[in-house]
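Peer 1: what's the 3D shape of this:
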Amino acid sequence: MDLQSKIYIAGHRGMVGSAILRNLRNKGYTNFILKTSHELDLRDQKSVNDFFKEYQPEYVFLAAAKVGGIIANNSYRAEFLYDNLMMESNIINAAHQSKVKKLLFLGSSCIYPKFAAQPLKEESLLSDYLEQTNEPYAIAKIAGIKLTEAYRDQYDCNFISAMPTNLYGTGDNYHPQNSHVIPGMIHKFYKAIQENKSEVELWGTGTPMREFMHSDDLAEALVFLMNSYNERQFINIGTGEEVSIKQLAEMIKATTGFKGQIHFDTTKPDGTPRKLMDSSKIKSLGWQPRIGLNDGLERTWGEYQELVK
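Peer 2: Purely as a prediction, here's the structure:
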């Protein structure tokens, strides 16, 4: 990409999209095409086709998605499958028709089978059954990967895909029911402090192992890939470090200053028991994460406190 290249970031107001936009602006890129969901319904094929014909973007970051935690994924299964299928299908096809120079599709680590060998290698895709609670979202993301591959194979499009690990960071969703684990915990600990509670209740056993990466690290990786990676094989993006949900809860407890106890409701689901990405491929190309989990949690807690003032 040149600094004046026309760049469309689908989902630029979300956590990942906004991180990409910040990263590019910091690097000196200036020519952005940005539309909110109210201005452009990405589920509507005609609207998306008309948008691409009018604006003719050269590079596309496909970061738009309907996302959420275990509760949201399991409660809105139809919407998670339909909305994500429609958005990615419309954008990928329109990008082909308008002959964009390059498209990067953003997937998710949930594409991997529930009991895949750890750490998760790109080759493990479709090797076994998915985690049931987020199967619709995972299927939609797998379809996105396969669409990028199919358009490459049939039309020689330079479409690539990247699979990030679990994310958190600036602009995250702190909704009590629909958030992911880190923002969900931060919200719970904050509420407990405000209400002077002696206990915070969390879902599951606390034993699942998870890897977390700050959205700013992901944005750096995605811009790196857009400028240097042109292969058919999708590529993992992670830190290579993991913690248990219980360890994470203790870290967030310490970060927020909560003085009470943590109780795990073992009647609630855990999700996938372990999810660590093998990110050796992207690291071998020269990218490395920079934001450690402790530093990232401190930064996120500070941003959340500003948000709720």
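Peer 1: which sections of the stretch 151-300 of the chain are below the confidence cut-off?
Peer 2: For the stretch 151-300 of the chain, no stretch has pLDDT under 70.
Peer 1: What residues does K191 make contact with?
Peer 2: The contact partners of K191, taken as C-beta atoms under 8 Å, 6 or more residues apart in numbering, are K197. The C-beta positions use only the backbone N, C-alpha and C, and glycine is treated the same way.
Peer 1: sec struct for N236, please.
Peer 2: strand (DSSP: H, G, I helix; E, B strand; the rest coil).
Peer 1: Distance check, it against L297.
Peer 2: Relative to L297, N236 is positioned 23 Å away (criterion: C-beta to C-beta, to the nearest Å).
Peer 1: Hmm, N90 and G144 touching each other?
Peer 2: No - applying C-beta atoms under 8 Å as the test, G144 and N90 come out as separate, 11.4 Å apart.
Peer 1: The two: which is more packed in?
Peer 2: Neighbours per residue (other C-beta atoms under 10 Å) separate G144 from N90, with G144 holding more: 27 against 22.
Peer 1: which residues touch the helix or strand containing that one?
Peer 2: Assigned by DSSP states H and E, G144 belongs to helix 135-155. Residues outside helix 135-155 that contact it (C-beta under 8 Å, 6+ apart): 62, 66-67, 73, 77-78, 80-81, 84-85, 88-89, 92-93, 96, 103, 105, 107-108, 110-111, 125-126, 130-131, 157-161, 232, 234.
Peer 1: For PyMOL, write the selection for the buried entries among those.
Peer 2: Burial among the contacts of helix 135-155 is assessed by 16 or more other C-beta atoms under 10 Å; the matching PyMOL selection reads:
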select buried, resi 62+66+67+73+77+80+81+84+85+88+89+92+93+96+103+105+107+108+110+111+125+130+131+157+158+159+160+161+234
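Peer 1: So A162: helix, strand or coil?
Peer 2: Of the three states, A162 takes strand according to three-state DSSP.
Peer 1: Now do the contacts for it.
Peer 2: L104, F105, L106, G107, A221, L222, L225, F234, I235, N236, I237.
Peer 1: what's the burial count for the residue nearest to A10 when sequence neighbours are not counted?
Peer 2: Leaving aside its sequence neighbours, A10 sits nearest to A64 (C-beta to C-beta, 6 or more residues apart in numbering; 4.0 Å). By the criterion of other C-beta under 10 Å, A64 has 25 neighbours.
Peer 1: Am I right that A64 is in contact with M15?
Peer 2: No - contact criterion C-beta under 8 Å: A64 and M15 do not qualify, at 11.7 Å.
Peer 1: Phi and psi next, for K121.
Peer 2: Dihedral pair for K121: phi -100, psi 150, per degrees, to the nearest 10.
Peer 1: who's in contact with it?
Peer 2: With contacts defined as C-beta under 8 Å, 6+ apart, K121 is in contact with N236, D278.
Peer 1: Mind pulling up the pLDDT for it?
Peer 2: pLDDT for K121: 96.
Peer 1: ok, now how distant is it from V181?
Peer 2: If you go by C-beta to C-beta, the gap between K121 and V181 works out to 23 Å.
Peer 1: Okay, strands next: where are they in this structure?
Peer 2: Secondary structure of the chain (DSSP state E): strands located at 7-10, 32-33, 59-62, 102-106, 159-164, 166-168, 199-203, 209-210, 212-214, 235-237, 243-244, 261-265, 274-275.
Peer 1: If I take the longest one and strand 102-106, what angle do their directions form?
Peer 2: The reference is to strand 159-164. With axes from the mean of the first three to the mean of the last three C-alpha atoms, to 10 degrees applied, the angle from strand 159-164 to strand 102-106 works out at 30 degrees.
Peer 1: so how far is strand 159-164 off the chain centroid?
Peer 2: Its chain's average C-alpha position is 11 Å from that of strand 159-164, according to C-alpha atoms, centre = their mean, to the nearest Å.
Peer 1: Burial check on the closest residue to H187 other than its chain neighbours, number of neighbours?
Peer 2: Spatially, and ignoring its direct neighbours in sequence, H187 is nearest to Y174 (4.6 Å; C-beta to C-beta, 6+ apart). Neighbourhood size, Y174 [other C-beta under 10 Å]: 19.
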